[in-house]
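Participant: give the three-dimensional model of this entry:
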Amino acid sequence: MVSKSAMALLGVLLGVMLVAGAFKRSTAPGRVSSPEMAAACESGALRTAQARNQAMEDGYNINRQYDCIDKASFQAAQTQKKAWQAAQAAQADKARADQAAQARLATMTLAEARKGFATQVAYADVWPLPLPNPPDTEFVRMDYTNANGQKLPAFVTPATRDGKRNPAILWLTGGDTNSLDNFWTPGPPANDQTASAFRLAGVVMMFPVLRGGNAAGGHKQFFYGEVDDVLAAAQALARLPQVDPAHVYLGGHSTGGTLALLAAEAGGDFRAVFALGPAADVRGYGPNVVPIDFKLLPPMEAKLRSPVHWLHGITRPTYLMEGKDNGNTDSLHELCAAAAKNPQVHCLEAAGFNHFSMVDAAARRIAARMVQAHMGSEFALSPDAFDHR
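Facilitator: Presented below is the predicted three-dimensional model:
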């Protein structure tokens, strides 16, 4: 028989076990023990330091009363996570859209890329140059109308008495390309900015004023709207009775060379185009030439003015030329590398000439070939055109 004392001890042990089991069930991990705890906690009691540290690393606050993840902090973290995921998805969508847009832009011509674009650049000279007045034996004034309906002055060599139609070139000067100064007095061969060799060879020459130049009205846009002015002036030149419309050329030096190249890229229908010392990127010009901070403008403002991006669209023979001695050869090399796959673009780097002496040297060689082409031969400048002075 079991003694009374043994029975008493057994009863105590059974009671302790029942109480312990009940306590264990009430505090088991992952369970919520009361409505108050359920309202305050996202989960059951955490119990261990490791679980608490993990919860805090995940960005949750710990409810110290119930030793659990605070429900409000859990919901806030989830909201923040969803917002971050949405932002990442939007950023990825934008990156894909930008990449697709850049891919489309890479195949566009300059004319296509310019469609619908409205430039923010409009600059007025504080002290514009007065309109020059050349001797009428050298040049006569004619007006042309640009795409905006604005009338702008230009000067052209007078017609000859024989009534013949001759080849013609529209020439764009360097520096302030929009304005004209003394363009009729020839300079020395080392720096003849008038390119007088053309008219001496019997080629009709046209010097246009572009928007904003010589107080002629409008605002300078620096290589944007001026492209339209050049194309409009060329059409007016081709209609002159002393000009053979099948032999109209375009040329320019320095900033004028850059503008001539942009006009070629925009689809100008010239027999050939000559860009002497052009810039690859408009941002390479200093503020004394282009007083515009393109960093403050949308990227397309600079891109649409920089010839290096549009060489693939040239469809007429275009010659990029520079003197090898202290010339703008870095831009020439950059342009020629970008145009390597376009057979219409030809690069000539002339040893023994610099950025300025190149003008007269090129004008004499080009004029001779223009005259030959007008007599029936094909126009061409060979790579060795400047090998012999």
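
Participant: CA only for contacts and neighbour counts going forward, please
Facilitator: Noted.

Participant: can you give me the strands in the stretch 51-200 of the chain?
Facilitator: With DSSP state E, counting those that start in this stretch as the criterion, the stretch 51-200 of the chain has strands at 62-63, 68-69, 140-145, 151-156, 166-172.

Participant: tell me what the helix ranked longest in the chain is packed against?
Facilitator: When the chain is scanned for its longest helix (criterion: DSSP state H), the result is helix 71-107. Contacts defined by 3 or more CA pairs under 8 Å, 6 or more residues apart in numbering; DSSP states H and E place helix 71-107 against helix 35-40.

Participant: extract the C-alpha set from the helix it packs on and format it as PDB.
Facilitator: In PDB, the C-alpha atoms belonging to helix 35-40 read as follows (Å, rounded to 0.1, in the frame of the first residue of the first chain):
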ATOM      1  CA  PRO A  35      -6.500  40.600 -27.300                       C
ATOM      2  CA  GLU A  36      -4.300  43.500 -26.100                       C
ATOM      3  CA  MET A  37      -1.200  41.700 -27.300                       C
ATOM      4  CA  ALA A  38      -2.900  41.000 -30.600                       C
ATOM      5  CA  ALA A  39      -3.600  44.700 -31.100                       C
ATOM      6  CA  ALA A  40      -0.100  45.800 -30.300                       C
END
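
Participant: Ala351 is nearest to which of the strands of the stretch 51-200 of the chain?
Facilitator: strand 166-172 (23.6 Å; CA to CA).

Participant: work out the gap between that closest one and the centre of the chain.
Facilitator: Centroid displacement of strand 166-172 relative to its chain, using CA atoms, centre = their mean, to the nearest Å, is 29 Å.

Participant: hey, C-alpha coordinates of that strand in PDB?
Facilitator: Output in PDB follows, covering the C-alpha atoms of strand 166-172 (Å, rounded to 0.1, in the frame of the first residue of the first chain):
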ATOM      1  CA  ASN A 166      28.100  80.200-113.200                       C
ATOM      2  CA  PRO A 167      28.800  77.900-110.200                       C
ATOM      3  CA  ALA A 168      28.100  79.600-106.900                       C
ATOM      4  CA  ILE A 169      29.100  79.200-103.300                       C
ATOM      5  CA  LEU A 170      27.300  80.400-100.200                       C
ATOM      6  CA  TRP A 171      30.200  81.300 -97.800                       C
ATOM      7  CA  LEU A 172      29.800  81.400 -94.000                       C
END
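
Participant: what's next to that strand, contact-wise?
Facilitator: Residues external to strand 166-172 that are found in contact with it (CA atoms under 8 Å, 6 or more residues apart in numbering): 202-208, 234, 237, 242-245, 247-253, 256-257, 259-260, 370-371, 374.

Participant: return the set of residues that bridge with Tyr249.
Facilitator: Bridge pairing for Tyr249 (DSSP bridges) gives the partners Ile169.

Participant: show me the contacts for the residue nearest to the spatial centre of the chain.
Facilitator: Nearest to the mean C-alpha position of the chain, by CA atoms, centre = their mean, lies Lys303 at 1.3 Å. Shown in contact with Lys303 (CA under 8 Å, 6+ apart): 281, 309.

Participant: tell me how far Asp176 lies from Gly256.
Facilitator: Distance of Asp176 to Gly256, computed by CA to CA, to the nearest Å: 9 Å.

Participant: so which of the two has more stuff around it?
Facilitator: Set Asp176 next to Gly256 and count neighbours by other CA atoms under 10 Å: Gly256 wins out with 26 against 18.

Participant: residues contacting the more buried one?
Facilitator: So Gly256 contacts 171-175, 177, 275-276, 278 (CA under 8 Å, 6+ apart).

Participant: relative to strand 166-172, how tilted is the helix or strand hosting it?
Facilitator: Assigned by DSSP states H and E, Gly256 belongs to helix 255-265. Using axes from the mean of the first three to the mean of the last three CA atoms, to 10 degrees, the direction of helix 255-265 lies 120 degrees away from that of strand 166-172.

Participant: following helix 255-265, which helix or strand comes up?
Facilitator: strand 273-276.

Participant: pull the distance from that next one to the chain's centre.
Facilitator: Distance, centroid of strand 273-276 to centroid of chain: 21 Å (CA atoms, centre = their mean).

Participant: tell me which residues in the helix holding Gly256 are buried?
Facilitator: 255-265 (16 or more other CA atoms under 10 Å).

Participant: do stretch 58-67 as well
Facilitator: For stretch 58-67, by 16+ other CA under 10 Å, it's 60-63, 66-67.

Participant: same thing with stretch 133-146?
Facilitator: Along stretch 133-146, these residues count as buried under the neighbour rule (16+ other CA under 10 Å): 134, 139-141, 144, 146.

Participant: the residues you listed: which two are farthest apart?
Facilitator: Within the buried residues of stretch 133-146, Pro134 and Asn146 form the most distant pair, 22.8 Å apart (CA to CA).

Participant: list the contacts for the closest residue to Phe356 other than its chain neighbours?
Facilitator: Excluding its sequence neighbours, the residue lying closest to Phe356 (CA to CA, 6 or more residues apart in numbering) is Asn191, at 5.0 Å. The contact partners of Asn191, by CA under 8 Å, 6+ apart, come to 356-357, 359-360.

Participant: can you count the residues close to Thr177?
Facilitator: Neighbour number of Thr177 under other CA under 10 Å is 26.

Participant: distance check, the nearest residue to it once chain neighbours are set aside against Val209.
Facilitator: Of all residues not flanking Thr177 in the chain, Gly256 sits nearest, at 5.8 Å (CA to CA, 6+ apart). Taking CA to CA as the measure, Gly256 falls 12 Å from Val209.
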